[in-house]
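J.: Quick one, structure for this:
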Amino acid sequence: MQAEYRQRREQLMTKIGNGTAIFRSAPTAVMHNDVEYTYRQDSDFFYLTGFNEPEAVAVLAPHHPEHRFILFVQPKEREKEVWTGYRCGVEGAKERYGADEAYPIAELDEKLPQYLEKADRIYYRLGRDRAFNDKILKHWQRLLATYPKRGTGPIAIEDVGILLHAMRLTKSPAELELMRKAAEISVEAHNRAMAITQPGRYEYEIQAEIEHVFRRRGGMGPAYPSIVASGTNACVLHYIENNCQMQDNQLLLIDAGCAYEYYNGDITRTFPVGGKFTPEQKILYEIVLEAQQQAIAQVKPGNPYNAFHDTAVRILTEGLVELGILKGEIDKLIEEEKYKLFYMHRTGHWLGLDVHDVGVYQHGDNPQILQPGQVLTVEPGLYIVPDTKPAEDQPEIDPRWSGIGIRIEDDVLVTETGNEVLTAGVPKAISELER
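T.: You can find the predicted model right below:
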């Protein structure tokens, strides 16, 4: 993959011209007291370097005569490595990661100015690390103060994410290979979950089986906290307690995906715990499934991003009207967003190094146009939350629908001729889900 990382850096350096781009590694995160969570690198940093250690800074300086790619890293330190793991070190940053020059992270303030003073602007994304934000701003202010004497130096700071995230939006063949693997493992885990689900078991038992498959197949673990929601829990979009006993005549909604070498799967399926849908569950499920199938058909090159969402919303709204849960003219109900009482989220998001991956959805008044190589989720749902009060001028909600939550989600690749559902291996037709 080093050749791939190098190619990405070169592509970005072409875009920033005479600027200097700065990237900060992700900080470590504390679980409790002196115990840390498993480290996960910042996605932008990893995309350009493949480097997976904290306390690091990457600099791209295409205008520098010798050093175009510079890494500041933690030095080798045997006493600390015994406790927290081996470090790449300064020499390893050059030998293994292709840096033209590398320095100990402690030398950042001393060495960074030489890569900024000839740049016409700094490309840096102001992030959550306020101390590091202040550090970059102070370097810029010092250079601005001396600009009249030198006539060179950065006169502006731009968000590097605008350029970099447009690159990340379209996946390379190497990225798609990793995403297919993440999808494949996620599919196996969901199929395993379906096979073992039965009344009397607990949600956490199903979660354990899913995440066991993730790790057994070489994944990093869950791409996000696994949602295993039975009964009315499925009406909580991000339910993660996963501690209830499952009962017959309930549905089980599972939203879970595997992270594989930093790339993520994201699948949702909803199916009957006891093997048979109730009549009400089946009716709502058929509406959601139709919405998803029609929405997926709108995922193709040249279509606006919002086309698949608009398609899903219309089918869901029509279904709610047919059932008497909503009443009125379809276009007006959509315009007034009356459906949002039962469908409160968007129909999908970009997928990649981040589960909710980077990339714009809208350019002013114009939606993003789908292009080959983009990967997104398609995930319509309906949630009849108990004790929901109807909107003004809308009918009372028949109790027979109460507490039913359904979502169906797949990962979809935009291809040259249409789309490919990467997660099609998990059943979703009613005939495949009932037993």
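J.: switch to C-alpha atoms for all contacts and neighbour counts from now on
T.: Will do.
J.: For the spatially most central residue of the chain, give me the pLDDT.
T.: Centroid-nearest residue in the chain: residue 355, 1.5 Å away (criterion: C-alpha atoms, centre = their mean). You'll see residue 355 listed with a pLDDT of 98.
J.: can I assume it is in contact with residue 223?
T.: Yes. Using C-alpha atoms under 8 Å, residue 355 is in contact with residue 223, at 6.9 Å.
J.: which residues are in contact with both of those two?
T.: 264, 265, 266 (C-alpha atoms under 8 Å, 6 or more residues apart in numbering).
J.: check contacts around residue 324.
T.: residue 395.
J.: just to confirm, which helix or strand has it in it?
T.: In the assignment (DSSP states H and E), residue 324 maps to no helix and no strand.
J.: Same question for residue 312.
T.: Counting by DSSP H and E, residue 312 is part of helix 307-322.
J.: Pull out the buried positions in that helix.
T.: 307-321 (16 or more other C-alpha atoms under 10 Å).
J.: Mind giving me the packing neighbours of that helix?
T.: Secondary-structure packing of helix 307-322 (3 or more C-alpha pairs under 8 Å, 6 or more residues apart in numbering; DSSP states H and E): helix 279-297, helix 330-335.
J.: which other residues reach the longest one?
T.: Residues lying outside helix 279-297 but in contact with it, judged by C-alpha under 8 Å, 6+ apart, are 251, 307-309, 311-313, 315-316, 319, 378-382, 400-401, 404, 406-409, 412, 419, 428-430.
J.: To residue 351, which of the helices and strands packed on helix 307-322 lies closest?
T.: Among the helices and strands packed on helix 307-322, helix 279-297 comes nearest to residue 351, with 15.0 Å by C-alpha to C-alpha.
J.: from the chain's centre, how far out does the closest one sit?
T.: 24 Å (C-alpha atoms, centre = their mean, to the nearest Å).
J.: and that helix, C-alpha only, in CSV?
T.: What follows is helix 279-297, C-alpha atoms only, in CSV (Å, rounded to 0.1, in the frame of the first residue of the first chain):
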residue,chain,number,x,y,z
PRO,A,279,-49.6,-9.2,9.9
GLU,A,280,-48.8,-5.6,11.0
GLN,A,281,-45.0,-6.2,10.9
LYS,A,282,-45.2,-7.7,7.5
ILE,A,283,-47.2,-4.8,6.0
LEU,A,284,-44.7,-2.2,7.3
TYR,A,285,-41.8,-4.3,6.3
GLU,A,286,-43.0,-4.6,2.7
ILE,A,287,-43.2,-0.8,2.5
VAL,A,288,-39.7,-0.4,3.8
LEU,A,289,-38.3,-3.1,1.5
GLU,A,290,-40.0,-1.6,-1.5
ALA,A,291,-38.6,1.8,-0.6
GLN,A,292,-35.1,0.4,-0.3
GLN,A,293,-35.3,-1.5,-3.6
GLN,A,294,-36.6,1.5,-5.5
ALA,A,295,-34.0,3.8,-3.8
ILE,A,296,-31.1,1.5,-4.8
ALA,A,297,-32.3,1.6,-8.4
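J.: what's the angle between it and helix 307-322?
T.: Helix 279-297 runs at 150 degrees relative to helix 307-322, counting by axes from the mean of the first three to the mean of the last three C-alpha atoms, to 10 degrees.
J.: State the mean pLDDT of helix 279-297.
T.: The average pLDDT within helix 279-297 is 98.
J.: Could I get the buried residue list for it?
T.: 281, 284-285, 287-296.
J.: Tell me the one of those nearest residue 167?
T.: Nearest member of those to residue 167, counting by C-alpha to C-alpha, is residue 296, at 23.8 Å.
J.: Looks like residue 226 contacts residue 257 (just checking).
T.: Yes. With contact defined as C-alpha under 8 Å, residue 226 reaches residue 257; the gap is 7.4 Å.
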